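S.K.: A predicted structure for the sequence below; I have some questions about it.
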Amino acid sequence: MKKYILFFTFIVLSFALPLHAQTNYKVGENLKFRVHYSGLNAGFASIDVREATLNGKSHYHIVGKGNSTGAVRAFFKVDDNYESYIDKTDLKPTKFVRNIVEGSYKRHQIYYFDHANRKAKVENKRDGKITTETIPYDAQDLLSAFYSLRNADSSKLKTGDFLNENIFLGDETLKFRLKVLGRETLKTKFGKISAIKIRPYVQSGRIFKESESVTMWISDDANLVPLKIKAGLLVGSLNADLNEYKNLKYPLNFTK
């Protein structure tokens with residue numbers, strides 16, 4: 001396994017969609033995912049929506065955590081913590097914390113976004129190094145990108161649509177392209193849910209086997225909650241399923 005195996009769930013969720021102050025999520029929402037690697041219970045990943053004040057402004061404080069468990073943890077330890085502070089006025093990230101341990105790969109960074117000047121300051125907590133990087137006007141971090149998706153109008157997502165997102169990762173901006181594949185009824189532990197099937201086009205050779213090796217399903221309603229992910233990795237395969245949810249802003253679209 002390589003870096004981001006548990007937390008890639010949130011990387012591949014990103015859509016390039018107009019941002020607006022009205023959100024389809026609310027403070028108190030919690031999502032928890034069960035992750036399996038090649039049939040083994042690999043661990044859990046969770047995302048919480050909290051509230052915070054930063055620079056005198058009201059923010060959504062998104063906290064994402066991922067950890068390996070059981071047999072997988074014995075040979076590959078994962079303890080990930082991600083935090084995004086999203087300004088409620090324009091829904092752009094102001095600050096992002098990335099503190100992760102994934103086997104021998106470790107990072108502890110804080111990003112400070114200056115969207116007006118298209119700059120981001122990156123503070124590396126492990127070596128004390130501070131750099132300033134140029135970012136695109138629509139730069140998101142891993143978590144804010146996920147929540148920009150959540151503000152879409154699901155009825156406007158049509159089969160064949162391609163959407164793009166720019167995600168800043170400290171020393172590079174990753175470009176993701178996603179395709180809407182269609183609509184399906186997905187069987188989950190909660191019941192049958194109407195879902196939108198999408199495919200993120202990711203860079204092959206780093207984590208995934210090929211550029212079309214990831215497929216995911218999101219709820220076909222105002223929540224646009226991720227329900228299921230299937231991915232072929234360079235070594236093995238990964239599946240992630242929504243295991244718990246609390247305080248969604250809208251009811252899930254269950255079907256018979």
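M.R.: That came through, no problem.
S.K.: now residue 123: closest residue in space that isn't a chain neighbour?
M.R.: residue 110 (4.6 Å; Cβ to Cβ, 6 or more residues apart in numbering). Heads up, the C-betas are built off the backbone N, CA and C, glycines and all.
S.K.: which ones are touching that neighbour?
M.R.: If you count contacts by Cβ atoms under 8 Å, 6 or more residues apart in numbering, residue 110 has them with 95-98, 122-123, 125.
S.K.: filter those residues down to the buried ones.
M.R.: Neighbour-count burial within those applies to 95-98, 122; the criterion is 16 or more other Cβ atoms under 10 Å.
S.K.: columns pLDDT and secondary structure on top of those residues, output as TSV?
M.R.: As requested, the buried ones among the contacts of residue 110 are arranged in TSV below (pLDDT from 0 to 100; DSSP: H, G, I helix; E, B strand; the rest coil):
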residue	pLDDT	secondary structure
95	98	strand
96	98	strand
97	98	strand
98	96	strand
122	97	strand
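S.K.: make JSON lines from the residues you listed and add distance to residue 179 to it.
M.R.: Written out in JSON lines, the entries for the buried ones among the contacts of residue 110 read as follows (distance: Cβ to Cβ, whole Å):
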{"residue": "95", "distance to residue 179": "31"}
{"residue": "96", "distance to residue 179": "27"}
{"residue": "97", "distance to residue 179": "31"}
{"residue": "98", "distance to residue 179": "27"}
{"residue": "122", "distance to residue 179": "31"}
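S.K.: if we take those, which one ends up nearest to residue 33?
M.R.: Within the set of these, residue 98 lies nearest residue 33; the separation is 18.7 Å, counting by Cβ to Cβ.
S.K.: what's opposite that closest one in the beta bridge?
M.R.: Beta-bridge partners for residue 98, by DSSP bridges, are residue 82, residue 109.
S.K.: would you agree it is in contact with residue 109?
M.R.: Yes. Taking contact to mean Cβ atoms under 8 Å, the distance of 4.8 Å between residue 98 and residue 109 places them in contact.
S.K.: joint contacts of these two?
M.R.: A shared contact of residue 98 and residue 109, defined by Cβ under 8 Å, 6+ apart, is any residue touching both; here these are residue 170.
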